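Chemist: Quick one, what's the 3D model for this:
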Amino acid sequence: MKRYCLTLLVAIVTLTTNAQQWEIDCSDIDGYSNWKAGIINENGEAVIIGECGPDANHYFPIVMRVTEDGEYDYRIFDTIGSNVRPTHIVQQENGNYFATAVVQPDDLGVGENVVFWVLDSELNIVSMKSYEQPEMVLGLRGGRLMLDDDGTVVFSCAYWYQSTYGQRTRPCFYRFDMNADTLSCSYVTGTSPDGYDCYQLLQKPDDDGFVVLGARLNNRCSLLIYDYDFNYVDGFILSPAFRQSFALAYSDHWISDNKLLIMGQMWPYEEYSEWNIGMAEVGLDGTFHRWDRVYHKQDTSIQSSPHCMAYVNDTTIYGGAWFYKTLGGESHSSVCLYNTGMELLGRKEFIEPEYGDKSDCSFVLPMMDGSCLADISTYYLNSGYKNSKLIKMRREDFNPIPCSVSEVQQEEIQAHAYPNPTKNILNIDISGLPADMKHRIQITDISGRICMDRIIRGEGNVLIVDVSALKPGIYVYTIYNSEKTIAKNKFIKE
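Modeler: This is a model prediction of the structure:
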């Protein structure tokens with residue numbers, strides 16, 4: 001039977017002075033829970049889709065609707081069948097929701113067939129269709145949806161097939177009407193890439209057709225362009241510079257009709273051996289207009305999910321990631337605040353025991369009031385138990401630390417950083433810093449957690465940093481560029 005729960009008021013969880021507004025612990029719903037994707041609907045509510053059940057081997061699809069105030073209702077669809085894993089959801093022009101899922105997926109997410117269903121505004125099933133894999137296909141994996149301007153829904157996933165070189169993946173595209181009936185389907189061969197993986201579908205703003213982020217050219221993260229009829233038009237590898245490339249990519253923002261602001265997991269700068277999070281302004285002609293590494297921690301790998309970017313405005317972009325020191329060991333999630341200047345303005349790390357030994361951020365959604373809703377999936381290494389938490393955070397919860405470069409008379413510079421200790425303002429001597437080379441300043445607490453990582457200019461001779469938002473304690477500031485560390489020292493915040 002279909003199980004549901006209506007309008008449960010979420011208690012506001014107070015963790016610290018700058019805590020998130022509220023948190024939903026989804027283990028109270030049905031034990032095991034794992035959210036996959038979400039959208040913000042026309043009413044400003046988050047509608048998210050995932051799986052839940054007694055354990056990770058027995059689960060059912062679930063759809064939840066969450067208001068900005070933390071009230072929520074949900075539907076568990078156990079009549080569809082067990083081990084059906086939702087992958088994406090969109091809202092149609094008539095207000096209904098169109099969702100997709102893979103049936104009986106293995107560890108790689110490859111399933112026997114794909115299910116599509118339409119939900120009304122109350123999350124009741126209006127129609128449901130199942131599409132079996134053709135004979136040539138070993139299985140179907142993942143899948144992303146896109147609402148086209150003509151009201152149709154486009155779906156893309158990877159299909160697996162057997163070749164002389166082993167099992168490979170290629171693109172599969174569907175176009176549906178509002179009732180999930182197939183208008184067209186294409187299992188793409190020929191010039192389309194081998195090793196396909198779809199992280200996101202985007203409609204081209206100035207032309208018929210769409211853009212795929214994440215597909216693979218030469219087994220590397222790429223941007224591919226298709227026309228309305230699923231014909232491959234062009235594509236390029238997301239590699240802004242020599243030995244610099246993206247492994248995951250996502251975008252929530254068109255800068256213009258032919259430029260995207262993307263965020264994703266980057267191959268590191270040469271002096272670092274770990275993964276980083278990067279941002280880039282990318283043209284549909286393959287040109288990288290600007291790019292930068294925006295989040296890193298030395299001696300620690302930082303990875304992102306392919307759906308962890310939420311654009312609000314030019315000064316508010318939320319991004320999710322997780323960091324770890326050893327593969328298979330403990331990992332912890334974080335949500336960061338950026339701007340379109342590719343500056344890290346603040347960060348919240350989820351390292352408390354309640355978030356498990358391992359956690360990752362599956363997606364981040366921009367809410368209409370300027371906040372964000374993040375999914376933090378938590379694991380416990382000893383028990384194998386997993387569940388998800390939905391957390392709403394405001395811009396001010398990230399405690400952004402502004403800094404500026406000013407001209408100060410040389411005789412006023414009395415130390416490398418002053419005053420030290422300080423309550424509000426820290427002045428750092430940067431005289432002699434080359435103006436023609438990009439530099440950054442990073443501030444970390446005594447445990448190594450990053451409090452700020454910003455681009456600075458070498459104009460002037462004093463960097464003025466407002467540290468009033470920091471808690472009292474000992475901090476380390478580092479000024480560095482892509483080649484080396486320029487200065488590093490401690491200061492005390494009173």
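Chemist: What segments of the stretch 101-250 of the chain are strands?
Modeler: 110-111, 113-119, 125-132, 139-147, 153-163, 166-176, 182-187, 200-203, 210-217, 220-226, 232-237, 250-256 (DSSP state E, counting those that start in this stretch).
Chemist: so what secondary structure elements neighbour the first one?
Modeler: Counting by 3 or more CB pairs under 8 Å, 6 or more residues apart in numbering; DSSP states H and E, the packing neighbours recorded for strand 110-111 are strand 97-103, strand 139-147. From N, CA and C alone the C-beta is placed, and that goes for glycine too.
Chemist: cool, the last one as well?
Modeler: Other elements packing on strand 250-256 under the criterion 3+ CB pairs under 8 Å, 6+ apart are strand 200-203, strand 210-217, strand 259-266, strand 309-313.
Chemist: which one is residue 378 nearest to, not counting chain neighbours?
Modeler: residue 356 (3.5 Å; CB to CB, 6 or more residues apart in numbering).
Chemist: Starting from residue 229, give me the distance back to the one you found.
Modeler: From residue 356 over to residue 229 the distance is 46 Å, taken as CB to CB, to the nearest Å.
Chemist: quick one, phi/psi of the residue nearest to residue 378?
Modeler: phi 80, psi 180 (degrees, to the nearest 10).
Chemist: Could you do residue 28 as well?
Modeler: phi -70, psi -10.
Chemist: And for residue 135?
Modeler: Backbone phi and psi, for residue 135 under degrees, to the nearest 10, turn out to be phi -60, psi -30.
Chemist: Check whether residue 372 really touches residue 365, as I assumed.
Modeler: Yes. Using CB atoms under 8 Å, residue 372 is in contact with residue 365, at 6.4 Å.
Chemist: Tell me which of these two has more neighbours.
Modeler: residue 372 (27 against 23; other CB atoms under 10 Å).
Chemist: give the contact list for the more buried one.
Modeler: 310, 312, 318, 335, 364, 365, 366, 392, 393 (CB atoms under 8 Å, 6 or more residues apart in numbering).
Chemist: quick one on the thing from earlier: which of residue 356 and residue 229 has more neighbours?
Modeler: More crowded of residue 356 and residue 229, by other CB under 10 Å: residue 356, with 23 against 11.
Chemist: possible to save the helices and strands packed on strand 250-256 as a markdown table with mean pLDDT and mean neighbour count?
Modeler: Listed next are the helices and strands packed on strand 250-256 as a markdown table, based on pLDDT from 0 to 100; neighbours: other CB atoms under 10 Å:
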| stretch | mean pLDDT | mean neighbour count |
| --- | --- | --- |
| strand 200-203 | 94 | 19 |
| strand 210-217 | 87 | 23 |
| strand 259-266 | 93 | 25 |
| strand 309-313 | 92 | 20 |
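Chemist: after the helix or strand of the chain with the lowest mean pLDDT, next one along is what?
Modeler: The weakest-scoring helix or strand in the chain, judged by mean pLDDT, DSSP states H and E, is strand 2-8 (a mean of 41). Downstream of strand 2-8, the first helix or strand assigned by DSSP states H and E is strand 22-25.
Chemist: mind listing what that next one pairs with, with the direction of each?
Modeler: Looking at strand 22-25 with DSSP bridges, its partner strands are strand 386-393 (antiparallel).
Chemist: Any idea how far the strand it pairs with is from the middle of the chain?
Modeler: 14 Å (CA atoms, centre = their mean, to the nearest Å).
Chemist: Now tell me what touches that strand from outside.
Modeler: By CB under 8 Å, 6+ apart, strand 386-393 touches 20-27, 31-35, 46, 48, 50, 56, 66, 68, 70, 318, 335, 348, 355, 362, 367, 371-380.
Chemist: Output that strand in CSV, but only the C-alpha positions, please.
Modeler: Taking C-alpha atoms only, strand 386-393 is exported to CSV below (Å, rounded to 0.1, in the frame of the first residue of the first chain):
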residue,chain,number,x,y,z
LYS,A,386,22.9,5.1,6.7
ASN,A,387,20.3,7.8,6.8
SER,A,388,19.9,11.4,5.5
LYS,A,389,19.4,14.7,7.2
LEU,A,390,17.9,17.8,5.5
ILE,A,391,19.4,21.0,6.8
LYS,A,392,18.4,24.6,6.0
MET,A,393,21.1,27.2,6.3
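Chemist: residues in contact with residue 160?
Modeler: With CB under 8 Å, 6+ apart, residue 160 has these contacts: 110, 137, 138, 139, 140, 141, 167, 168, 169.
Chemist: Any figure for the gap between it and residue 154?
Modeler: 21 Å.
Chemist: Could you do residue 379 as well?
Modeler: The gap separating residue 379 from residue 154 is 33 Å, by CB to CB.
Chemist: Kindly report the same for residue 475.
Modeler: Residue 475 sits 49 Å away from residue 154, going by CB to CB.
Chemist: again with residue 95
Modeler: Noted for residue 95: a distance of 19 Å to residue 154, by CB to CB.
Chemist: When these two are compared, which one has more neighbours?
Modeler: Neighbour totals were compared for residue 95 and residue 154, and residue 154 leads with 22 against 11 (other CB under 10 Å).
Chemist: quick one: the more buried one and residue 143 touch, right?
Modeler: No. Checked against CB under 8 Å, the pair residue 154 and residue 143 is beyond contact range at 10.7 Å.
Chemist: Could you say which helix or strand holds residue 29?
Modeler: helix 27-30.
Chemist: and the most centrally placed residue in the chain, what are its phi and psi?
Modeler: Nearest to the mean C-alpha position of the chain, counting by CA atoms, centre = their mean, stands residue 308 at 0.8 Å. With angles defined as degrees, to the nearest 10, residue 308 sits at phi -110, psi 60.
Chemist: wait, doesn't it sit right on residue 364?
Modeler: Yes. Contact status for residue 308 versus residue 364: in contact at 5.3 Å, counting by CB under 8 Å.
Chemist: Pull up the overlap in contacts between those two.
Modeler: 319, 320.
Chemist: Low-confidence regions, the stretch 51-200 of the chain specifically.
Modeler: 189-193 (pLDDT under 70).
Chemist: Distance-wise, check residue 236 relative to residue 161.
Modeler: Residue 236 is 25 Å from residue 161, by CB to CB.
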